[in-house]
Each structure stands twice: as structure tokens, then as C-alpha cells.
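S.K.: Give the three-dimensional model of this entry:
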Amino acid sequence: MSRQPTTEQVARRSDRMRAVVNYEPERVDLREVDVPEIDEGEALIRVEAVGICGSDVHQWHGSHSWDVNYPVTLGHEFGGVVEEIEGSGEFAPGDRVVSETAAEIDETSPLSRRGLYNLDPSREGFGYGTDGAMARYVAVPVRCLHHIPDELPFERAALTEPCSVAYNAVCENADVDPGESVLVIGPGPIGLLCVQMAVLAGASTVIASGLPADRDRLDVAEELGATHAVTGDPAGVIDDVGDGLGVDTVIDASGVSAALETAMEAVRPDGHITKVGWGPQPMEYSMDPVVQKAVTVQGSFSHTWPVWERVITLLDTGQLDVEPIVDRVAPLEAWRECFEGMHDREYIKCVLTPSA
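M.R.: A predicted model of the protein is given here:
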């Protein structure tokens, strides 16, 4: 069902808006851009909150390992209010929503038809393939939208996306069971959320591992339920876990090549390694331990519709607490301070409020 915009909405659509635009590697600016037009099957979302992801910071510094369609507005972790919509009976103007990140997919591809549209080779995501949500408005396919409860603040709801990344890595791909032991390497935002997911999945031992500079983040990991938080080599702790043969599951959330070598050493025979962190560095070591231990190594990318629904429930019930990882909520104009703060490790996570 198509809904015609009001006179006020038409006037607003003719305006321009400020957006955090990535023009090329190492060039990001706050600029005036056109408010996007929407087509059939799309919604115009007024962005109330958008999280800054490590990938946004990587694109800012040109240290990313994925193709970017420059120029592009950054931001793929967001929630907001439906402003206008074309061709949907499920959503209406005024609805509070969050959005998945698969902005463009081939809905007829074999993967999409199996519900694995997150793995569709033609997939383009917000913030690198198509314009994202670090702006007052963003155009979103209706198929990406999820309703959120009125009681769930947008600053928390915006983190549904990174929470879904962690849920998919720990609960779906690693399939952590109650009583298992889990090592999470890399206490960045995704790593910390993976710690919390492992705790929620019932792991009896959850070890968070990082560098000496990560001490404050490892403290947060313990606040989120980690039973151990270690800097440097986690072998000493792992030797005392269970029968001493290694941990059942390792989540590599660091994106550093050397972390996979640590994972191979830490995992028990017939164990599981899930790699969710990105990193362009080549590997300079043998994969023989994977063969010798008969280890399962699996990548984990993005998420799907049912994962989002479960995460929204976890956020709404308070079982999933994102407050400890959010260090700053700021207006869009403070984007550079927030980017710099995350890059310099002053902040774990920042959330911008474009409509404030």
C-alpha cells in the first residue's frame, strides 16, 4: 500500500541534509547532500541513532580490505522512525524501526532463496556499497526493516547490528553449548559482544584475550561475564581449563592475522574456531595444527532476519546489555572527535544522533 507524503514531508524532502561522506581513502567530511528519494518497496527513515563501527574508522584511514563505492555516506548500525514509505502494508509512517545492512541483493540468487542473502556475492551494504545512515535520512528497502518496542531507546537499538554479528558468530556458526569453554580473542566492540553472547549461551568458561593496551576493555569483558581476562598469551589460563587439552571454541574477533595462529594453539582437538574479525594481513604460518587436531575453522559474516529478531528480544528484555561498551552519544557534528577517539582507543563505541 502506497502512502502519499504530507505537504510538510514534501517540503522536507526538497531540503538538503548533512552527512558524513567518505569520498576516497583517508578523506571523510561532513557535507551537505540531497535527501534521498525512495522507490516502490522502500522507506525513508529519519535516523535517530547510528553507531560508529570499526569498519567506518578503517574506511576513514583507508585501511579496509573491502571494495567501496566512493563517494558514499557512512553508517550501517542505525535505528529511526519511518518518515515515508512506498509499497508496504507491514510498516507505516511513525513506526520505530532498525534496519539490516544488506541494502542491495539479488533476491533470485540461490543463496538469497535459501535465506542466506547475507552471503549473496552481489550483496552491497550500507556505508560502503550504498549510502548509509550517518545523515538525517536514509533510504532503506522495506525487506531490511524490523519493528522495535517503544521502550527500547534508539541509542541501544542502533546496536542491534553489531549484536547480530556477535550472535551469528557465537550462537549460530560456533553453536556454543552450555558448559563449554570459549576463548574470545580481541576485546573490541564485536569481541566484547561475543563474550556476552557466549555467557548467554551458557558457556561455563569464557576467556577474553587482548593486548596490554586492552586492559580497560578486558575489565569491561569481565563486567559482561567473562570468567577470565588475560593480556598476551592465554595458554597459562587455558592449561587450567577442563582436561587441559584446550578450549572447545575460539572466536577470533581481532582481525589480526596472528590471532588465528593463537586460536589454533588454544583450541582442543575436534574443537571449533570461528573467525569474525576482518584483517588484510597475509598469514605467515602453517595451518598444519588444524589438520592435526581435526579442527573446524569457519568464517562468520553478517546476519539474517531471524538473528535480528532474537537480538531485538534480547535487547528489549535486558538480557543483552550494550551500555558498558558505549562510551559516548554525540550529535552528528562530533563525528570526527568520535572517530578519532575510537581510533586512539579512548572510546570502545560511540553513537551519533543525526536528528538531535
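
S.K.: Any stretches of this structure with poor pLDDT?
M.R.: 1-14 (pLDDT under 70).

S.K.: most centrally placed residue in it?
M.R.: Residue closest to the mean C-alpha point of the chain, counted by C-alpha atoms, centre = their mean, is Pro162 at 2.5 Å.

S.K.: For it, which three-state class applies?
M.R.: Following DSSP: H, G, I helix; E, B strand; the rest coil, the label given to Pro162 is helix.

S.K.: can I assume it is in contact with Leu192?
M.R.: No: using C-beta atoms under 8 Å, Pro162 makes no contact with Leu192, being 9.5 Å away. For glycine as for every other residue, the C-beta is placed from the backbone atoms N, C-alpha and C.

S.K.: contacting residues around the residue nearest to the centre of the chain?
M.R.: Pro162 makes contact with Gly51, Cys53, Glu77, Pro189, Ile190, Leu193, according to C-beta atoms under 8 Å, 6 or more residues apart in numbering.

S.K.: of the residues you listed, closest to Thr262?
M.R.: Minimum distance to Thr262 across the contacts of Pro162 is 16.9 Å, recorded for Ile190 (C-beta to C-beta).

S.K.: any idea how far the closest one lies from Cys163?
M.R.: For Ile190, the distance to Cys163 equals 9 Å [C-beta to C-beta, to the nearest Å].

S.K.: Arg46: how many residues sit nearby?
M.R.: Using other C-beta atoms under 10 Å, Arg46 has 16 other residues around it.

S.K.: Isn't it up against Glu84?
M.R.: No: using C-beta under 8 Å, Arg46 is not in contact with Glu84; the gap is 9.5 Å.

S.K.: Spatially nearest residue to Glu24, not counting backbone neighbours?
M.R.: Excluding its sequence neighbours, the residue lying closest to Glu24 (C-beta to C-beta, 6 or more residues apart in numbering) is Tyr70, at 5.4 Å.

S.K.: that older thread, tell me the one of the contacts of Pro162 nearest Val170?
M.R.: Nearest to Val170, judged by C-beta to C-beta, of the contacts of Pro162 is Leu193 at 8.6 Å.

S.K.: Which residues are in contact with that closest one?
M.R.: So Leu193 contacts Pro162, Cys163, Val165, Ala166, Val322, Ile325 (C-beta under 8 Å, 6+ apart).

S.K.: Give me the buried subset of the residues you listed.
M.R.: Buried members of the contacts of Leu193, scored by 16 or more other C-beta atoms under 10 Å, are Pro162, Cys163, Val165, Ala166, Val322, Ile325.

S.K.: Please, which helix or strand holds Val291?
M.R.: Assigned by DSSP states H and E, Val291 belongs to helix 288-293.

S.K.: buried sites along that helix?
M.R.: Using 16+ other C-beta under 10 Å as the test for burial, helix 288-293 gives Val290, Lys293.

S.K.: Give me the neighbour count for Glu284.
M.R.: Neighbour count for Glu284, taken as other C-beta under 10 Å: 8.

S.K.: Same question for Glu24.
M.R.: Count around Glu24 with other C-beta under 10 Å applied: 11.

S.K.: going forward, begin numbering at 27 instead of 1
M.R.: OK, 27 is where the count begins now, so the last one is Glu50.

S.K.: which residues does it form a beta bridge with?
M.R.: Assessed by DSSP bridges, Glu50 has beta-bridge partners Arg53.

S.K.: which among the contacts of Leu219 gets closest to Thr127?
M.R.: Here the nearest of these to Thr127, counting by C-beta to C-beta, is Val191; it sits at 9.4 Å.

S.K.: how about the strands in the stretch 127-276 of the chain?
M.R.: For the stretch 127-276 of the chain, the strands defined by DSSP state E, counting those that start in this stretch occupy 163-167, 171-173, 207-211, 231-236, 254-257, 273-278.
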